[in-house]
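Sequence first, predicted coordinates after that:
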Amino acid sequence: MNKSTEVASLMTTETILEMATALYTGMADKLNVARRRLNRPLTLTDKILLGHLHDPEGQELTPGESYLMLRPDRVVFQDVLGQTGMLQFMQTGRQKVAVPATIHCDHLIRARVEGTRDLSDSLSENQEVYEFLRSAAAKYGLGFWEPGAGIIHQVVLENYAFPGELIIGTDSHTPNAGGLGACGVGVGGADAVEVLAGLPWELLYPRRIAVYLTGELNGWTAPKDVILYVAGQLTVAGATNAVVEYIGPGARTISATGKATITNMGAELGATTSIFPSDARMAVYLAATGRADLVPLAARFHHLLEPDLEVEATPERFYDRVVRLDLSKLEPHVVGPHSPDRARPISRLAAEVADRANGFVDQIATALIGSCTNSSYEDMSRAADVAAQATAHGIHAAVPFLATPGSEQVRATIERDGQLQALRDMGAVVLANACGPCIGQWERSSEVSAVPNVIVTSYNRNFPRRNDGQPTTMNFIASPEVVTAMAIAGRLSFNPLTDTLIDAAGLPFQFEPPAPAPEVPAGSFVPSQGTYVSPPEDASRVVVQIDPQSERLQAMEPWPAWDGGDLLDMRVLLKAKGKTTTDAISPAGYWLRYRGHLDRFSDNMFSGANNAFCAKPGHGFNASSPETPEPLATIARAYKARGTRWVAIGDHNYGEGSSREHAALSPRLLGGAAVIARSFARIHESNLKKQGLLALTFEDAADYERIESQDRISLLDLARMRPGAPVECRVYHNDGSSDLIRLRHTYSTPQLDWFRHGSALNAVR
């Protein structure tokens, strides 16, 4: 294995150009078939998805109903789900991946002190995992990005994404690639493994939502405010099983990295993905990142990479919903706490802070900028502008202020061009080029976090416990420039558009809006060096070793197949109440170190969930000893030990948030047989299906209320389960009575085979 000295030499530009040329030619042929069959103008979603069909002639094409069989162009893993991804791929018996793929080491680096030291500590602490991933990548033909290279989504944007490409990734923010017109979709590890094994990828043909943009951003308003506004309009479930397309003249005024910020956070809407049409702003970024050869090619095939003219001219005719937004009138927004759709213009925030009924803390505990969502050259330049204004007035950050570059390329470039020094001068601590506090990898003082406290971030997700494991932390999300201003003021109620501060001379001053920033550096980006390992030509001597005594890695075995019988007398492990994210089902933070060891990791199962039957989060009552609450994982293990299967009951949009496959793997390991919810988030429902669990929804959402703590549940006549037909469920209550309720499902015929075989991978074998 030889490390490259420059990223440009490894991709290579010629390889991506060849890929794009072949892709566009194939898309044109497939779309000719689709146009003949549909006989209507096409949206951008139609063009990219139907242009990747495995069988364009035979594919059913009903949005919201048909499952599309697609051929993705690329698969990307981060280091956490890369572990289970590689462990599952090893079960397939394949010798090499069938499509281009990479592993990115970004999740395991913990924020403690500052970037250089934190990276060094991570290399020592996670050496076993990194060596496993490096050797597995070499053995099976994947590229490997070293720790410190950057966050997966930023590295993909800098090196791999291009208009029209279909990328699947084991991280929910894979839609970041939509900033370059790529269709990036977050998936579970089983989906990725099937594609690596050469199989088509199955996706429910999504609905289409358009955000029609006019005008142009100005003053304090940033691309971040577009997605914060849209989140408030669509909510965290409003785009489930839909693709959000940003179209209209305003879309063409936003930089490629600004577009990526918007598509990245589309994951918070439940969207399959979000995407922008190809345009001149993307061409600027492609050229600046060493892919100028793609620009004339994309221009030649532009008709494949944008909606048809009739679609953009009259969007209400072609989209299921249209949100219209004038960028010129958009005010900076702030969302939170605890949900990314709790949105308001910044001008309304101070009144909410003053209202004691909300329970907001005005004093900010920590401010954080960067991450995969907002760490571009443009973002950091605007944040540095605000920081420099404060320094010029002799004041600095009033609270701890942390900055996370998205990649080594961005970090080295803003170090060279002075933005990083401007941030340091006003008090910023620069963290490693990694996810860090954004995903809970933050070693934070419990003295601060164990009591109600406020952090302000430019991150993408703010569910309880997300950043530091503490339900007491309230995360408010805003643009990097607004977060920087708030860090200097130290107050959540501070509005930089109208409020004043006192400078070092005791005089009041008001921030000027940050100047328009260059979307790419005037020169070139500083290329990353020594951060990538390409797979060897001959991998026959590469050995992937897993220590049987390891606490970090554990070989995976196939799940047992369904026995053909009904699921009878199952215990109810919990009835999840309210928002139940994958962070609640399968928390990260401390537990990330065990992600490659499923049995050890599963001790955290449901530890962040609110159980309607127990006041203590993460706890419930064992039916054999219902007097004392116990951790839900402990109860599940006890049920499994005595051969008792169990079911989890979920509320609305169950499993929203991260693509975290372990939220399905752990229930499968610990004896779960089904999850019955009022509704599911897309990725989690798919993950449950892939692992052989039944994912079912109440036909009458009110039946959720019928389920009691000591109930036993039977799912009947499963041998005749078929697409579109309800499943009968008998609920036996402790008083001897019972209810017969009907459950819905979205299983296709191939997906029912996953259940019968025990998992999707078993069916692959």
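Thanks, I have it. Numbers count the residues shown, from 1 in each chain.

Quick one: residues contacting Thr240.
Thr240 sits next to 269-271, 653, 679, 681-682 when contact means Cβ atoms under 8 Å, 6 or more residues apart in numbering. C-beta here means a position set from N, CA and C on the backbone, and glycine is covered the same way.

Have a look at those and tell me the least confident one.
In this model, the minimum pLDDT among the contacts of Thr240 belongs to Arg682 (87).

In contact with that residue: list those residues for me.
204, 240-241, 270, 272.

just checking, which of those residues belong to strands?
Leu204 (DSSP state E).

looking at the contacts of Arg682, which has the most residues close by?
Ranked by neighbour count under the definition other Cβ atoms under 10 Å, the contacts of Arg682 are headed by Thr272 with 27 neighbours.

For the residue nearest to that one when sequence neighbours are not counted, report the pLDDT, please.
In space, and not counting its chain neighbours, Thr272 is closest to Pro206: 4.4 Å by Cβ to Cβ, 6 or more residues apart in numbering. The confidence metric pLDDT takes the value 96 at Pro206.

what's the longest helix in the chain?
If you go by DSSP state H, the chain has its longest helix at helix 13-38.

Downstream of it, the next helix or strand is which one?
helix 44-50 (DSSP states H and E).

Next SSE downstream of that following helix?
Next along the chain from helix 44-50, counting by DSSP H and E, comes strand 67-70.

Could I get the average pLDDT for that next one?
For strand 67-70, the per-residue pLDDT averages 96.

Given the helix or strand just after it, what are its sheet partners and their directions?
Next along the chain after strand 67-70, taking DSSP H and E as the criterion, comes strand 74-78. In the sheet containing strand 74-78, its partner strands are strand 101-104 (parallel), strand 166-169 (parallel), by DSSP bridges.

what comes up buried for the last one?
It refers to strand 166-169. By 16 or more other Cβ atoms under 10 Å, the buried positions in strand 166-169 come out as 166-169.

Just the C-alphas of it, formatted as CSV.
Taking Å, rounded to 0.1, in the frame of the first residue of the first chain, the C-alpha atoms of strand 166-169 are listed here in CSV:
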residue,chain,number,x,y,z
LEU,A,166,-25.6,8.6,-7.6
ILE,A,167,-23.8,8.1,-4.4
ILE,A,168,-24.9,6.0,-1.4
GLY,A,169,-23.2,6.4,1.9
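
Contacts for it next, please.
Applying Cβ under 8 Å, 6+ apart, the external contacts of strand 166-169 come out as 48-49, 52, 70-78, 152-153, 156, 160-161, 174, 177, 182-187, 191-192, 195, 201.

can you map out the strands along the stretch 151-300 of the chain?
Using DSSP state E, counting those that start in this stretch, the strands of the stretch 151-300 of the chain run over 166-169, 183-186, 201-204, 207-214, 242-247, 273-275.

circling back to that earlier point, tell me the angle the longest helix of the chain makes with strand 74-78.
Interaxial angle of helix 13-38 relative to strand 74-78 (axes from the mean of the first three to the mean of the last three Cα atoms, to 10 degrees): 120 degrees.

What helices and strands are in contact with helix 13-38?
helix 44-50, helix 294-300 (3 or more Cβ pairs under 8 Å, 6 or more residues apart in numbering; DSSP states H and E).

mind saving the C-alpha coords of whichever helix or strand comes after the last one as PDB?
Later in the chain than helix 294-300, the nearest helix or strand by DSSP H and E is helix 309-313. Only the C-alpha atoms of helix 309-313 are listed here, as PDB (Å, rounded to 0.1, in the frame of the first residue of the first chain):
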ATOM      1  CA  LEU A 309     -37.900  23.800 -18.800                       C
ATOM      2  CA  GLU A 310     -41.600  23.200 -18.400                       C
ATOM      3  CA  VAL A 311     -41.000  21.800 -14.900                       C
ATOM      4  CA  GLU A 312     -39.100  24.900 -13.600                       C
ATOM      5  CA  ALA A 313     -41.600  27.200 -15.300                       C
END
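
next helix or strand past helix 309-313?
Elements were assigned by DSSP H and E; along the chain past helix 309-313, the next helix or strand is strand 321-326.

helices or strands up against the helix or strand that that next one is followed by?
The element immediately downstream of strand 321-326 (helix or strand, assigned by DSSP H and E) is strand 333-335. In this structure, strand 333-335 makes packing contacts with helix 223-234, strand 343-345, strand 473-477, judged by 3+ Cβ pairs under 8 Å, 6+ apart.

can you map out the strands along the stretch 351-500 of the chain?
Using DSSP E, counting those that start in this stretch, strands in the stretch 351-500 of the chain cover 364-370, 401-404, 428-430, 453-457, 473-477.

Ok, which of these comes nearest Thr221?
Thr221 sits nearest to strand 473-477 of all those, at 15.1 Å, using Cβ to Cβ.

the inter-axis angle of the closest one versus helix 223-234?
110 degrees.

Please renumber the chain so that the first residue is 768 from this point on.
Sure, I'll start numbering at 768, so the last one becomes strand 1240-1244.

Just the residues contacting strand 1240-1244, thanks.
Residues contacting strand 1240-1244 (Cβ under 8 Å, 6+ apart): 995, 1101-1105, 1107, 1127-1128, 1132, 1216, 1219-1227, 1229, 1231-1234, 1259.

ok, Pro1398 to Gly1385 distance?
Counting by Cβ to Cβ, to the nearest Å, the gap from Pro1398 to Gly1385 is 6 Å.

Now do the same contact list for the residue nearest to Thr1039.
812, 816, 830-831, 1008-1010, 1039.

Apply 7 Å and report the result again.
Under the criterion of Cβ atoms under 7 Å, 6 or more residues apart in numbering, the contact list for Pro973 reads 812, 830, 1008-1010, 1039.

ok, now Pro808?
1075, 1077-1078, 1085.

one more time with 10 Å, if that's ok
Going by Cβ atoms under 10 Å, 6 or more residues apart in numbering, Pro808 touches 802, 1074-1081, 1084-1085.

Need the nearest residue in space to it, chain neighbours excluded.
Counting by Cβ to Cβ, 6+ apart, Pro808 lies nearest to Asp1075, which is 3.9 Å off, once chain neighbours are set aside.

try Ile1416
Excluding its sequence neighbours, the residue lying closest to Ile1416 (Cβ to Cβ, 6+ apart) is Lys1342, at 4.1 Å.

so that neighbour sits in a helix?
No - secondary structure of Lys1342 (DSSP: H, G, I helix; E, B strand; the rest coil): strand, not part of a helix.
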